[in-house]
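*Asks:* here is my input, please return the structure:
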Amino acid sequence: MGERQEEILKEIVENYIKNFKPVSSKSLVDKLNCSSATIRNDMADLEDLGYIEKEHTSSGRIPSEKGYKYYVNHLMQPKKMTGEDMLRLQTVLNNNSLVLSDAVTKCMEIISDITHYTSVVIDSNSNANLKKISIVPVAHNDDGTNDVVAILVTSQGDVENKQFKVEKNIDINELVKTSEIINKALVNTPLDRVNERLELEVKPLIRKAVTRYDEVCNFFASAFKDFAMDNTDVVFSGKTNLLDYKEYDNTDKMKEMVAKLNNEELVQHIETDDDNIRVYVGNESEFDSDVTIIKTHYKAGNSEGTLAIIGPKRMEYDKVVTLLNYVKEYLDK
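*Replies:* Below is the predicted model of the structure:
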């Protein structure tokens, strides 16, 4: 991409973020100091390359997901924090009466307030490892199913239990036998990685030991998923902020976004172990095609997890990255 084309793309992205209106070639003439025809030709090239796209209701152009990504990776300049914003965050981070994990949550609340986007803190408690799982039969039901209690003990000494209904085609003895195999193979595995290792490493062992291994493996996968979710705290700030943007004027889209924000399993997919600040635009967010998620992994004392900001694709990327980076640099000290 040529230098002038980069300048045009930068102007289109930043204008669209600010005004939520397609950008025409005429509106860029004075800023770029060249003719409307020259800008139109460059915009046509940018459209052919997939960086901008035409909105059917206007002759102007808007950034595509590819255009936003190029802007973030090559054109965006970090935005300087205001003294007021810095003071608000410093006041929390320097407050020795706050537990560090609470300070992190409060900082994300402030960032949500500053940006008017939705913030998420996912405390994954990934220090919790599997020590033992036990299956205890509770009742045999008239329909042939069985009730069992799965008891999980973590490396931290926490004991959790959940009751499950077991279909009549699954032998309780096979569940007990499988729990013994899992305890030998997966001891000290982080809870959020148990299912991955169960599928890749332990399932072949279970296949040799029990008859209905698929059903048995599905039972334990479901149980461990529930236990892992219980060991993950999700804290939102500004949960409904997204709905204030014009992208959600449509009632159906508003309802869809509310449902997604309330979907615990979907929200937990936001979790990351990448220590860098990463930007996921639209479809690559794996959350919703109309949002951007900016996120990073953090450690604060004995807690660790994910800091994330969810906003429209026309998010003020430079502002969010600067604010997240400020908190992250403090935590990394």
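
*Asks:* mind listing the strands for this structure?
*Replies:* 52-54, 61-63, 118-123, 130-140, 146-154, 159-166, 233-237, 278-281, 291-300, 303-312 (DSSP state E).

*Asks:* I'd say Val321 and Ile294 touch.
*Replies:* Yes. With contact defined as Cβ atoms under 8 Å, Val321 reaches Ile294; the gap is 6.4 Å. In short, each C-beta sits where N, CA and C put it, glycine included.

*Asks:* joint contacts of the two?
*Replies:* Shared contacts of Val321 and Ile294 (Cβ atoms under 8 Å, 6 or more residues apart in numbering): Ile277, Val279.

*Asks:* ok, back up a step: so can I have JSON lines of the strands of the chain showing distance to Thr91?
*Replies:* Listed next are the strands of the chain as JSON lines, based on distance: least, Cβ to Cβ, whole Å:
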{"stretch": "strand 52-54", "distance to Thr91": "41"}
{"stretch": "strand 61-63", "distance to Thr91": "36"}
{"stretch": "strand 118-123", "distance to Thr91": "17"}
{"stretch": "strand 130-140", "distance to Thr91": "40"}
{"stretch": "strand 146-154", "distance to Thr91": "35"}
{"stretch": "strand 159-166", "distance to Thr91": "37"}
{"stretch": "strand 233-237", "distance to Thr91": "17"}
{"stretch": "strand 278-281", "distance to Thr91": "28"}
{"stretch": "strand 291-300", "distance to Thr91": "17"}
{"stretch": "strand 303-312", "distance to Thr91": "18"}
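
*Asks:* of those strands, which approaches Asn15 most closely?
*Replies:* The minimum distance between Asn15 and the strands of the chain falls on strand 61-63, with 9.5 Å, by Cβ to Cβ.

*Asks:* what does the closest one contact?
*Replies:* 9, 12-13, 16, 22-24, 43, 46-47, 51-55, 71, 313-314.

*Asks:* and that strand, how far from the chain's centre?
*Replies:* Distance of strand 61-63 from its chain centroid, counting by Cα atoms, centre = their mean, to the nearest Å, is 26 Å.

*Asks:* what average pLDDT does it get?
*Replies:* Across strand 61-63, the average pLDDT comes to 95.

*Asks:* which parts of it are buried?
*Replies:* Across strand 61-63, burial judged by 16 or more other Cβ atoms under 10 Å covers Arg61, Ile62, Pro63.

*Asks:* show me what contacts the closest residue to the last one other than its chain neighbours?
*Replies:* Meaning Pro63. Distances taken as Cβ to Cβ, 6 or more residues apart in numbering put Val13 closest to Pro63, at 4.8 Å, once the chain neighbours are dropped. Residues near Val13 by Cβ under 8 Å, 6+ apart: Pro63, Gly67, Tyr68, Tyr71, Leu75.

*Asks:* please redo it, this time with the cut-off set to 10 Å
*Replies:* Neighbour list for Val13: 23, 51-52, 62-63, 67-68, 70-72, 75-76, 314, 317 [criterion: Cβ atoms under 10 Å, 6 or more residues apart in numbering].

*Asks:* show me the contacts for the residue positioned nearest the centre of the chain.
*Replies:* Closest to where the C-alpha atoms of the chain average out (Cα atoms, centre = their mean) is Ile270, at 1.7 Å. Contact partners of Ile270, counting by Cβ under 10 Å, 6+ apart, are 120, 122, 234, 280, 285-287, 293, 295, 306-308, 310.

*Asks:* now for the nearest residue to Lys79 once chain neighbours are set aside, how many residues are close by?
*Replies:* Leaving out its chain neighbours, the residue that sits closest to Lys79 by Cβ to Cβ, 6+ apart is Asp318, at 3.9 Å. Counted with other Cβ atoms under 10 Å, residues neighbouring Asp318 total 18.
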